[in-house]
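Asks: following is a predicted model, sequence given first.
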Amino acid sequence: MQSTTALAEPFRPTVADFHRTNRGGGLFSESISQWLGAAFAVAAHRLGLRPTALTITNLVLGLATSITVVALADRVAAGEVPAWVVGLLALVGWQVAYSLDCADGQLARVTGTGNPAGARVDVLADVAAQIALVAALSATAVAQHPSTPIWLVATFAGTWMVNLVTSVMQAGPNAASMVTSTSLPVRLVKLVRDYGAVIFVAALVLLLAPALTLWVMVAFTVVNGGFLLASIAFSARASYR
C-alpha cells in the first residue's frame, strides 16, 4: 500500500500563483512586466533553476542590449543602420530583461529559495543594468545631437538612479509613500516612475524618433530630480513629527 506522501502531487505553482507574490512597480509593470515575469518564473521552476539564475540572465540580456545600442548609436545617427532595428532590439531586450528581474523575486518568494546573498545580487545587477541603460540613452542623444551639454548627461545619469535608491528604501521597515492613493488617475500619473513604462517609452523613442532621445533625457531629469527634492522635503518634515 502506497503512503500518503508517495501519492502526494508535486508542488506545481501556476502563473497566477507567482503573480500574486509580485511587489508591484506601477500600473504598467503590474499589468505587463509582472505577468511576463510570472510566466518566466513558472518555466524556471519547472527547469529547477534558482532565482539567481534569472537575475544573472536579466543582467546579461540587459547589458548586451544596452551595449549594442551604444555601439550602433553613431551608425544610426549617420543613417547607416535603420533606427527601427535598434529600437526594436531595445524594446524587446529591455522588457524581457526587466520581466526576468520581476521573475527572480517571484520565484524566490513562492519556492522559499531566496536568501540575503541572492537579494544583494539582485540589487547589484539592477544597478549595473541601469548604468548600461543610461549609457545607451546618453550615447544615442550625443550621437544625434553632438552639442549635447556634458552637464545634462551627468545630471541625467545621477537623477536616474533616484528610482533605484528609493525602491530599495521602500523595501525596508521604514518605508513610506508621499502619495498613498491607489486611484486610477494617481496610478496613471505615477507611470512616469514606473520602470516598465519608462523603458518602454525610451525604446519606443529609439525606434520611431531617436533624435528625440535628448528630450527624453531632459524630461526624466526633471521628473527624477523633482521627485528627489520632494522626497527630501517629505522625509525631513516627517522627521520632525
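Replies: That came through, no problem.
Asks: dump the residue contacts of residue 130.
Replies: Shown in contact with residue 130 (Cβ atoms under 8 Å, 6 or more residues apart in numbering): 160, 161, 163, 164. C-beta here means a position set from N, CA and C on the backbone, and glycine is covered the same way.
Asks: need these in JSON lines (columns: distance to residue 133 and pLDDT).
Replies: Listed next are the contacts of residue 130 as JSON lines, based on distance: Cβ to Cβ, whole Å; pLDDT from 0 to 100:
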{"residue": "160", "distance to residue 133": "8", "pLDDT": "91"}
{"residue": "161", "distance to residue 133": "11", "pLDDT": "83"}
{"residue": "163", "distance to residue 133": "11", "pLDDT": "75"}
{"residue": "164", "distance to residue 133": "11", "pLDDT": "73"}
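Asks: just these: which are in helices?
Replies: Those of these mapping onto helices are 160, 161, 163, 164, per DSSP state H.
Asks: adding neighbour count and distance to residue 234, write the residues you listed out as a markdown table.
Replies: Below are those laid out as a markdown table (neighbours: other Cβ atoms under 10 Å; distance: Cβ to Cβ, whole Å):
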| residue | neighbour count | distance to residue 234 |
| --- | --- | --- |
| 160 | 21 | 20 |
| 161 | 15 | 19 |
| 163 | 20 | 16 |
| 164 | 16 | 18 |
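Asks: just the closest of the residues you listed to residue 137, please.
Replies: For these, the minimum distance to residue 137 (Cβ to Cβ) is 8.7 Å, reached by residue 160.
Asks: not counting sequence-adjacent ones, nearest residue to the closest one?
Replies: Of all residues not flanking residue 160 in the chain, residue 134 sits nearest, at 5.2 Å (Cβ to Cβ, 6 or more residues apart in numbering).
Asks: shouldn't the one you found be in contact with residue 157?
Replies: Yes - shown here, residue 134 and residue 157 form a contact pair, counting by Cβ atoms under 8 Å, at 4.9 Å.
Asks: one step back: number of nearby residues for the residue nearest to residue 160?
Replies: Using other Cβ atoms under 10 Å, residue 134 has 20 other residues around it.
Asks: equivalent analysis for the one 5 residues further on, please.
Replies: Counted with other Cβ under 10 Å, residues neighbouring residue 139 total 21.
Asks: was I right about it contacting residue 73?
Replies: Yes - counting by Cβ under 8 Å, residue 139 does reach residue 73; the two are 4.3 Å apart.
Asks: shaky segments in this protein?
Replies: Across the chain, the ranges flagged by pLDDT under 70 are 1-10, 166-182, 184.
Asks: now with 50, please.
Replies: By pLDDT under 50, the low-scoring segments of the chain are 1-6.
Asks: where exactly do the helices run in it?
Replies: 4-7, 15-19, 27-28, 34-47, 51-77, 83-111, 116-144, 150-170, 184-189, 195-208, 213-239.
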